[in-house]
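# Requesting a structural model of the entry that follows:
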Amino acid sequence: MKPFLILQLRPEDAASDNEFEAFLEYGNLKESEVHRVRMEKGGVPQIDLNDYSGVIVGGGPFNISDNEEHKSDAQKRTEEGLLRLLDDVIEQDFPYLGACYGIGILVHHQKGYVSKEQYGEDVGGVDIFLTEDGVKDPLLIGLPKEFRAFVGHKEACQTLPEGGVLLASSKTCPVQMIRLKTNVYATQFHPELDSEGINVRINVYKNAGYFPPEDAERLCAKMLKEEITVPMEITKRFVKKYKQSL
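Residues are numbered from 1 along each chain as shown. Okay, here's the model as predicted:
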């Protein structure tokens with residue numbers, strides 16, 4: 001099998017490793033079936049998409065809408081490399097699944113509008129609703145029209161790029177999942193995140209401005225009560241649909 005390229009941008013090892021393990025688990029992937037790149041360490045290497053089955057981009061503390069003067073060198077390297085890669089992804093309509101940051105940079109690349117003006121969501125579970133296009137989408141067909149998913153983000157898509165198809169929404173964030181062309185997907189919610197994983201991130205990012213640090217313990221207990229399974233099915237289906245033989 002051609003490997004899947006997993007691109008990450010979390011500087012914290014605990015959060016990065018947990019996210020990576022989640023993509024493996026819910027994608028039914030072995031480590032030998034992926035190529036992992038931690039972009040925050042060295043940017044994006046030279047990539048030939050012909051070597052891969054698909055691209056998966058995770059989330060992290062970076063925001064595409066951050067002021068340029070406040071962006072670290074690691075953030076700038078990550079953005080520059082991903083934007084170059086997205087040139088090829090879009091041109092080839094190459095299988096892509098972006099989560100959280102992965103939707104922000106995709107929308108930005110395609111001249112949509114991403115900002116912190118509105119539609120940020122607190123850390124926790126939200127109700128996701130499939131649109132009419134979402135119900136008919138090949139990756140989502142047969143899934144419940146309403147399901148729970150974990151979110152937590154400061155910025156969001158304010159305006160869809162031209163050609164973007166809205167697949168899912170929530171009451172607090174209208175753009176939760178989109179498709180560009182036929183094979184390029186992205187979600188604002190996390191399609192890899194379970195209760196254990198979000199508790200790891202709550203503890204890692206409790207001083208990152210997503211919530212008051214003193215709320216971390218309460219949030220962790222609340223997250224353990226959530227029963228979230230449908231988003232992981234999207235990850236599983238993406239891998240199954242686009243897996244290519246060598």
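
# can you count the residues close to residue 52?
If you count neighbours by other Cβ atoms under 10 Å, residue 52 ends up with 19. For every residue, glycine as well, the C-beta is placed using N, CA and C.

# Where does pLDDT dip in this protein?
Residues of the chain that meet the criterion pLDDT under 70 are absent altogether.

# What distance do you get for the most centrally placed residue in the chain to residue 33?
In the chain, the C-alpha closest to the average C-alpha coordinate belongs to residue 99, at a distance of 0.6 Å (Cα atoms, centre = their mean). Distance check for residue 99 against residue 33: by Cβ to Cβ, to the nearest Å, it reads 19 Å.

# partner strands of the longest strand seen in the chain, parallel or antiparallel?
The strand that spans the most residues within the chain, counting by DSSP state E, is strand 121-130. Taking DSSP bridges as the criterion, strand 121-130 sits next to strand 146-153 (antiparallel), strand 165-169 (antiparallel) in its sheet.

# Residue 177: what's it in contact with?
For residue 177, the contacting residues are 103, 128, 134, 166, 167, 168, 185, 186, 187, 188, 189, taking Cβ atoms under 8 Å, 6 or more residues apart in numbering as the criterion.

# related to what we said a few turns ago, in the helix or strand following the longest strand of the chain, which of the residues would be classed as buried?
Reading on from strand 121-130 to the C-terminus, the next helix or strand found by DSSP states H and E is helix 132-136. Within helix 132-136, the residues that qualify as buried are residue 134, counting by 16 or more other Cβ atoms under 10 Å.

# cool, and stretch 113-125?
In terms of neighbour count (16+ other Cβ under 10 Å), stretch 113-125 has its buried residues at 114, 115, 119, 120, 121, 123, 124, 125.

# Distance from it to the middle of the chain?
Distance, stretch centre to chain centre, for stretch 113-125: 14 Å (Cα atoms, centre = their mean, to the nearest Å).

# Give me the residues contacting that stretch.
Under the criterion Cβ under 8 Å, 6+ apart, residues 63-65, 104, 107-108, 148-159, 170, 172-175, 188, 198, 201-202, 210-211, 219, 222-223, 226, 228 lie in contact with stretch 113-125.

# Buried ones only from these, please, as a ChimeraX command.
Once 16+ other Cβ under 10 Å is used to decide burial, the buried members of the contacts of stretch 113-125 can be selected in ChimeraX as follows:
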select :63,64,104,107,108,148,149,150,151,152,153,154,155,156,157,158,170,173,174,175,188,198,201,202,210,211,219,222,223,228
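
# helix or strand right after the longest helix along the chain?
Taking DSSP state H as the assignment, the helix of the chain that covers the most residues is helix 73-92. Proceeding N to C from helix 73-92, the next assigned helix or strand is strand 96-99, under DSSP H and E.

# Going by residue numbers, what spans are strands in the protein?
Assignment of strands within the chain using DSSP E yields the ranges 4-8, 34-38, 54-57, 96-99, 113-115, 121-130, 146-153, 156-159, 165-169, 177-180, 184-187.

# Dump those into a markdown table; add distance to residue 80 as well.
Putting the strands of the chain into a markdown table (distance: least, Cβ to Cβ, whole Å) gives the following:
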| stretch | distance to residue 80 |
| --- | --- |
| strand 4-8 | 13 |
| strand 34-38 | 14 |
| strand 54-57 | 14 |
| strand 96-99 | 17 |
| strand 113-115 | 17 |
| strand 121-130 | 27 |
| strand 146-153 | 22 |
| strand 156-159 | 21 |
| strand 165-169 | 27 |
| strand 177-180 | 20 |
| strand 184-187 | 19 |
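
# Good, we can wrap up now.
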